[in-house]
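Colleague: sequence unknown, structure follows:
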């Protein structure tokens, strides 16, 4: 009998709860929520709901708001379950007044700082909405420090570097770019856990979080020489997201500046819009290949190794030369693309075969350059090769700047795997000038041998062998006729 009563009691309670959650609820116009005495307990809304129950529906024709206080030294973890119609709005506004409109959410996470955040619901039609909030104390931090300098290679830091807070100091101001998680786009909302502060500690002015920097599609710049990053969720290094940090003087010329993101590495579209001023994008992790450039005849796309400065420029692309000068390989850790006006789009490809890097058709132009080109460094070694689709007149020119100390550059042109030219460039042996030879392949090998240089740059071209031979015969005949006469 007792068992029957217990079963009946459970049935009645369960039925009542399911019924109450199935009804469309009404909410108060304004509610203020403080953390519970025991912060290990979450606060749920509506009362009686939890994440294991169906989504509760709200009634149409009401406006509600929740002000949720976050004491100093704490943060709040918010999860939202919602589905709203286009005529209604559900908005989360954080402590820096950044607003996020939610239309559909399956426990999407937010990480909110003191003193408070606000949730507003304007329900013109029925929908569903529920939330869960935990409060957590911020532990003591033990910051690490980094520096970025003017006219210097960018600094890349990754998830996990911010677990104990990271302080970045610049010569002028700090420029920050955020990237998507490489592990999965599903991790993107967790970027809200990494907070950004305008100063040398987490007690400095709070600017927002990495998610907000990412979706802005532009750089965040500190007001002073310091910027601090701190993750509220230690141990999230597996997400694979990065930040790119630079001295502001290196990027202040750009009206818009973003980090590239490749969902499909075999064919990654990149778009730049410079209609309102110079636009730039930086890619982290090479080597990569650029192909299929599309833009008007009025503008120019420039590509730089590492960062934006004349000495690091690798190439200028226009509408006309992109037909012969692409695809092109860029092997550096950082590659910066700068568009002067209008718009342009191109593709990044990580596979040489899919990019069409080799073999090269006649008329093709390109270059070989080291990963750290433009930066004085001993790590400039590389080997590369491009073959031809058929027997061609192959030309190349060597930039002498990289031939220092004990460094050596070998350039070989072959035909049917037999060397036609094999030139070795050293400090004591530098032939100079452009070199021409008929063959079907050009290969290069650079060894710094401990020498410090700005890196080798070798431009090359493939031309029609028949027309070249015709030109050569014409020149020889003209010289012979001149001698006879």
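Modeller: Okay, I see it. Because the structure is a prediction, the values reported are computed rather than measured.

Colleague: Residue ranges of each domain in the protein, please.
Modeller: When the chain is parsed with automatic domain parsing, its domains come out as 18-137, 144-252, 360-485.

Colleague: now, of the ones you listed, which is deepest in the fold?
Modeller: The highest average neighbour count among the domains of the chain, using mean count of other C-beta atoms under 10 Å, belongs to domain 144-252 at a mean of 19. Bear in mind the C-beta positions are built from the backbone N, C-alpha and C, glycine included.

Colleague: And it, end to end?
Modeller: The first and final residues of domain 144-252 sit 26 Å from each other (C-alpha to C-alpha, to the nearest Å).

Colleague: Now residue 319. Nearest residue, chain neighbours left out?
Modeller: When the adjacent residues along the chain are set aside, residue 319 lies closest to residue 297, with 4.5 Å between them (C-beta to C-beta, 6 or more residues apart in numbering).

Colleague: so which strand or helix has the one you found?
Modeller: Residue 297 belongs to no helix or strand when assigned by DSSP states H and E.

Colleague: Tell me what residue 155 is bridged to.
Modeller: When bridges are taken as DSSP bridges, the partners of residue 155 come out as residue 245.

Colleague: Tell me the predicted confidence for it.
Modeller: As summarised for this prediction, residue 155 has a pLDDT of 98.

Colleague: Go ahead and confirm it touches residue 145.
Modeller: No - with contact defined as C-beta atoms under 8 Å, residue 155 and residue 145 do not form a contacting pair (11.6 Å).

Colleague: Which parts of the stretch 251-400 of the chain are strands?
Modeller: Per DSSP state E, counting those that start in this stretch, the stretch 251-400 of the chain carries strands over the ranges 256-259, 268-274, 279-284, 288-294, 301-305, 313-317, 328-330, 334-339, 342-349, 365-369, 382-398.

Colleague: Dump those into CSV; add distance to residue 118 and mean pLDDT as well.
Modeller: Conversion of these to CSV gives the following (distance: least, C-beta to C-beta, whole Å; pLDDT from 0 to 100):
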stretch, distance to residue 118, mean pLDDT
strand 256-259, 29, 97
strand 268-274, 33, 96
strand 279-284, 35, 97
strand 288-294, 43, 97
strand 301-305, 43, 97
strand 313-317, 48, 98
strand 328-330, 46, 98
strand 334-339, 39, 97
strand 342-349, 38, 97
strand 365-369, 52, 98
strand 382-398, 55, 97
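
Colleague: Kindly reformat these as JSON lines containing distance to residue 438.
Modeller: What follows is the strands of the stretch 251-400 of the chain, written out as JSON lines (distance: least, C-beta to C-beta, whole Å):
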{"stretch": "strand 256-259", "distance to residue 438": "44"}
{"stretch": "strand 268-274", "distance to residue 438": "37"}
{"stretch": "strand 279-284", "distance to residue 438": "36"}
{"stretch": "strand 288-294", "distance to residue 438": "27"}
{"stretch": "strand 301-305", "distance to residue 438": "30"}
{"stretch": "strand 313-317", "distance to residue 438": "26"}
{"stretch": "strand 328-330", "distance to residue 438": "24"}
{"stretch": "strand 334-339", "distance to residue 438": "33"}
{"stretch": "strand 342-349", "distance to residue 438": "30"}
{"stretch": "strand 365-369", "distance to residue 438": "18"}
{"stretch": "strand 382-398", "distance to residue 438": "6"}
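
Colleague: So which of those is nearest residue 93?
Modeller: In this view, these are compared for proximity to residue 93 by C-beta to C-beta, and strand 256-259 is the closest at 25.0 Å.

Colleague: So which of the domains of the chain is nearest residue 344?
Modeller: With respect to residue 344, and counting by C-beta to C-beta, the nearest of the domains of the chain is domain 144-252 at 15.9 Å.

Colleague: related to what we said a few turns ago, which of the strands of the stretch 251-400 of the chain sits closest to residue 465?
Modeller: Closest approach to residue 465 among those is made by strand 382-398 (5.1 Å; C-beta to C-beta).

Colleague: Distance from the chain centre to that closest one, please.
Modeller: Its chain's C-alpha centre and that of strand 382-398 lie 32 Å apart, by C-alpha atoms, centre = their mean, to the nearest Å.

Colleague: low-confidence ranges in the stretch 151-300 of the chain?
Modeller: Across the stretch 151-300 of the chain, the stretches falling below the confidence threshold (pLDDT under 70) are 236-238.

Colleague: which residues in it form helices?
Modeller: Along the stretch 151-300 of the chain, the segments classed as helices by DSSP state H, counting those that start in this stretch run 210-216.

Colleague: which residues do residue 155 and residue 145 both contact?
Modeller: In the contact map built from C-beta atoms under 8 Å, 6 or more residues apart in numbering, the residues linked to both residue 155 and residue 145 are residue 168.

Colleague: residues making contact with stretch 82-92?
Modeller: Here stretch 82-92 makes contact (C-beta under 8 Å, 6+ apart) with 55, 78, 80, 99-105, 110, 117-130.

Colleague: my guess is residue 59 contacts residue 124, does it?
Modeller: No - under the contact definition of C-beta under 8 Å, residue 59 does not touch residue 124, with a separation of 11.0 Å.

Colleague: got the buried residues for stretch 258-272?
Modeller: 258-260, 262, 267-268, 270, 272 (16 or more other C-beta atoms under 10 Å).

Colleague: er, stretch 314-321 I mean
Modeller: Residues of stretch 314-321 classed as buried by neighbour count (16+ other C-beta under 10 Å): 314-315, 317-319.

Colleague: Give me the mean pLDDT for the host helix or strand of residue 439.
Modeller: Taking DSSP H and E as the definition, one finds residue 439 inside strand 435-447. Model confidence over strand 435-447, given as mean pLDDT, is 97.

Colleague: Measure how far it is from the centre of its chain, please.
Modeller: Relative to the mean C-alpha coordinate of its chain, strand 435-447 is positioned 34 Å out (C-alpha atoms, centre = their mean).

Colleague: tell me which strands and helices it is in contact with?
Modeller: Other helices and strands packing on strand 435-447, by 3 or more C-beta pairs under 8 Å, 6 or more residues apart in numbering; DSSP states H and E, are strand 382-398, strand 408-415, strand 418-425, helix 465-484.
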